[in-house]
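Asks: Curious how this folds, go ahead:
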Amino acid sequence: MGDDKGMKFHLRAIFPLAVLLAATGCTSTGSALNVQTPASGNAMAATAPSATPASGGTTAPVAAASSAALAAIAPKTHIQFAPIIGATTEAVAPLSQRLAVDAKADGISIVPANAKGTTHILKGYFSAFTEGQKTTVVYVWDVLDPSGTRLHRIEGQEVTSGGNGTGWSSVSGALMEKIADDTMKQFTDWLVKAKA
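Replies: Numbers count the residues shown, from 1 in each chain. All right, here's what the predicted structure looks like:
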C-alpha cells in the first residue's frame with residue numbers, strides 16, 4: 001500500500017514525543033525561557049495539526065472583534081515561561097527575544113518565576129530532527145494555571161531546508177522567531193476564546 005511508508009514515518013515520529021512528554025515532568029520554574037536539553041541529542045517528535053483559517057468574508061470583522069477583546073484582556077494577563085525542554089541555548093535566544101517583543105505588542109506582561117499575579121505559565125517542549133535535506137522543528141507548549149493545571153495546549157511544526165548540519169545546528173534564528181510569532185498568535189487566540 002502506498003501509504004505504508006508515510007504511516008511508518010508518522011508512527012516513528014509520534015512515539016518519541018510521547019516518551020518525551022511523559023518523561024519531562026519539569027517542576028522548575030526558573031526565569032523566563034531557561035533551557036533544559038534532553039540527555040539524548042535529537043529526539044524525534046510528532047507532527048501537530050495546523051489551525052484552519054477562517055473562511056468566507058468574516059475574517060476582518062472577526063479579527064477586529066478579537067483585537068478589541070484582546071485589548072481588554074491583555075493588561076490582566078501575566079505569563080511566565082517555564083524552562084524549555086529539548087532546544088539548544090542558541091535556538092532559544094531568538095525565540096525568547098521574539099516572544100518578549102510579541103507579548104509587549106499584544107499588551108501582555110512576561111513575569112519572572114513565582115511572581116505574584118501570574119495568570120498563565122507556558123511550558124515548552126521542542127524537538128528538531130533531520131530527514132534527508134529537511135529539518136523539522138516540532139513544538140508543544142502547555143498553558144498552565146499558576147497551580148500547574150493544564151488549561152490548553154499549543155502545537156505546531158516548522159520545516160527548514162538547506163541549513164548547516166543536522167538537527168538544531170540547521171535551525172535558523174528566523175525560524176525560531178516564526179515559531180515565537182505562531183506561539184503568541186495561538187495563545188492570544190485561545191485567550192480571547194477562553195474569556196468570551
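
Asks: From now on I want contacts and neighbour counts done on CA atoms only, so please keep to that.
Replies: Will do.

Asks: Convert stretch 77-87 to PDB, retaining C-alpha atoms only.
Replies: As requested, the backbone C-alpha atoms of stretch 77-87 are provided in PDB (Å, rounded to 0.1, in the frame of the first residue of the first chain):
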ATOM      1  CA  THR A  77      -2.600  38.700  31.600                       C
ATOM      2  CA  HIS A  78       0.800  38.000  33.200                       C
ATOM      3  CA  ILE A  79       2.600  35.000  31.700                       C
ATOM      4  CA  GLN A  80       5.700  33.200  33.000                       C
ATOM      5  CA  PHE A  81       7.800  30.800  30.900                       C
ATOM      6  CA  ALA A  82       9.000  27.600  32.500                       C
ATOM      7  CA  PRO A  83      12.300  26.200  31.300                       C
ATOM      8  CA  ILE A  84      12.100  25.000  27.700                       C
ATOM      9  CA  ILE A  85      12.800  21.300  27.200                       C
ATOM     10  CA  GLY A  86      14.700  19.900  24.200                       C
ATOM     11  CA  ALA A  87      16.000  23.100  22.400                       C
END
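
Asks: what's next to the longest helix along the chain, contact-wise?
Replies: When the chain is parsed with DSSP state H, its longest helix is helix 173-195. Identification of contacts with helix 173-195 by C-alpha atoms under 8 Å, 6 or more residues apart in numbering yields 66, 69-70, 73, 91-92, 94-96, 98-99, 102-103, 154, 158, 160.

Asks: quick one: least confident helix or strand in the protein?
Replies: The helix or strand of the chain with the lowest confidence, counting by mean pLDDT, DSSP states H and E, is helix 4-23 at a mean of 39.

Asks: How about the backbone phi and psi for residue 106?
Replies: When quoted as degrees, to the nearest 10, the phi and psi of residue 106 stand at phi -90, psi -10.

Asks: If I look at the nearest residue to it once chain neighbours are set aside, what pLDDT would I see?
Replies: The shortest distance from residue 106 to any residue that is not its chain neighbour, by C-alpha to C-alpha, 6 or more residues apart in numbering, is 6.7 Å, and that residue is residue 74. Residue 74 is assigned 91 on the pLDDT scale.
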